[in-house]
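Peer 1: okay, predicted coordinates and the sequence, questions at the end:
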Amino acid sequence: MCEGCASHSPIARRGVLKFALTAAAGLVAQQLLTANAAEPAKSENVLSPDAALDRLMKGNARYIEGLSRRHDFKHEREALSKGQNPFAAILSCSDSRIVPEYCFDTARGDLFVCRVAGNFASDDIIASLEYAVQVLQTPLILVLGHAACGAIDATIKTSKDGTTLPGHLPLIANALMAAVAAVQGAPGDLLANAIRRNVALNVEKLMATGPILKSFLDDKKIRVAGGVYELTSGRVELI
Ligand SMILES: [Zn+2]
């Protein structure tokens, strides 16, 4: 068979198609990874991991005291229309009483917030955090639990009475069960202990998850921390 015939055979055409698709996928991936390579939208958000955590905690101190800054949303719009470089990614519970942007006194473009009831690191959440770290160059991930978490309370109740929650709710309870089981029989309040353990377990999970998060962590380009929000004071206690 001549070269011309070979290139027109079904097998060869499939090879060409596969190559074209692979090249296209590579181009998309390259565009994704370089999407934020230009000048950062907020230069003040280019921080070391420790400085990012310090800024979060200083913002929380202002929030606790009722001294939150006035944020000029109008003048930030143009810069943020061109890109984003949030200085922290927050994995928070969906609870309506927890508002990361308020509790750390931050503005638009500052926090990359992933929320799910029970603040646990599902595959979707991990992928979102990988995007923040790899593409947006976010230096800090904070897993933020909170007092009186209904998702963890419901998990404790189902583990006690053996009932199954309706609908898709077991997906959440299953994800939180390890934290509840780990503190069964420990001194102190079961719910408070489970909330803290859930944060700790998810910090550990994120730190061990490769290839992106673990690699950035090993290179000391990011830090993964955990905290619990106290409803009465608004204080975030790092754990
Ligand atoms: Zn909650």
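Peer 2: Great, that's in hand.

Peer 1: up against the ion, what does this structure have?
Peer 2: Applying CB under 5 Å from the ion, we find that the chain lies next to the ion at 93, 95, 149, 151. C-beta here means a position set from N, CA and C on the backbone, and glycine is covered the same way.

Peer 1: can you give me the strands in this structure?
Peer 2: Assigned by DSSP state E, the strands in the chain fall at 88-92, 111-115, 140-146, 223-229, 236-238.

Peer 1: poorly predicted segments of the protein, please.
Peer 2: Within the chain, the stretches with pLDDT under 70 are 1-38.

Peer 1: would you map the helices across it?
Peer 2: 3-8, 10-33, 49-64, 73-81, 100-103, 123-134, 150-161, 169-183, 190-208, 212-218 (DSSP state H).

Peer 1: which secondary structure elements does the last one contact?
Peer 2: Applying 3 or more CB pairs under 8 Å, 6 or more residues apart in numbering; DSSP states H and E, one finds that helix 212-218 contacts helix 123-134, helix 190-208, strand 223-229.

Peer 1: just put the ones you listed in TSV and tack on mean neighbour count and distance to residue 62.
Peer 2: Compiled in TSV, the helices and strands packed on helix 212-218 are given as follows (neighbours: other CB atoms under 10 Å; distance: least, CB to CB, whole Å):
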stretch	mean neighbour count	distance to residue 62
helix 123-134	17	24
helix 190-208	20	23
strand 223-229	22	15
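
Peer 1: the ones you listed: which one's closest to residue 182?
Peer 2: When the helices and strands packed on helix 212-218 are compared by CB to CB, helix 190-208 sits nearest residue 182, at 5.1 Å.

Peer 1: and the closest one, what does it pack against?
Peer 2: Secondary-structure packing of helix 190-208 (3+ CB pairs under 8 Å, 6+ apart): strand 140-146, helix 150-161, helix 169-183, helix 212-218, strand 223-229.

Peer 1: now it against strand 88-92, angle please.
Peer 2: Put simply, helix 190-208 runs at 140 degrees to strand 88-92, going by axes from the mean of the first three to the mean of the last three CA atoms, to 10 degrees.

Peer 1: quick revisit: I'd like the helices of the chain as a markdown table, with distance to residue 233 appended.
Peer 2: Shown next, in a markdown table, are the helices of the chain (distance: least, CB to CB, whole Å):
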| stretch | distance to residue 233 |
| --- | --- |
| helix 3-8 | 72 |
| helix 10-33 | 41 |
| helix 49-64 | 6 |
| helix 73-81 | 27 |
| helix 100-103 | 11 |
| helix 123-134 | 27 |
| helix 150-161 | 19 |
| helix 169-183 | 23 |
| helix 190-208 | 15 |
| helix 212-218 | 31 |
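
Peer 1: figure out which of those is closest to residue 39.
Peer 2: Nearest of the helices of the chain to residue 39, taken as CB to CB: helix 73-81 at 9.4 Å.
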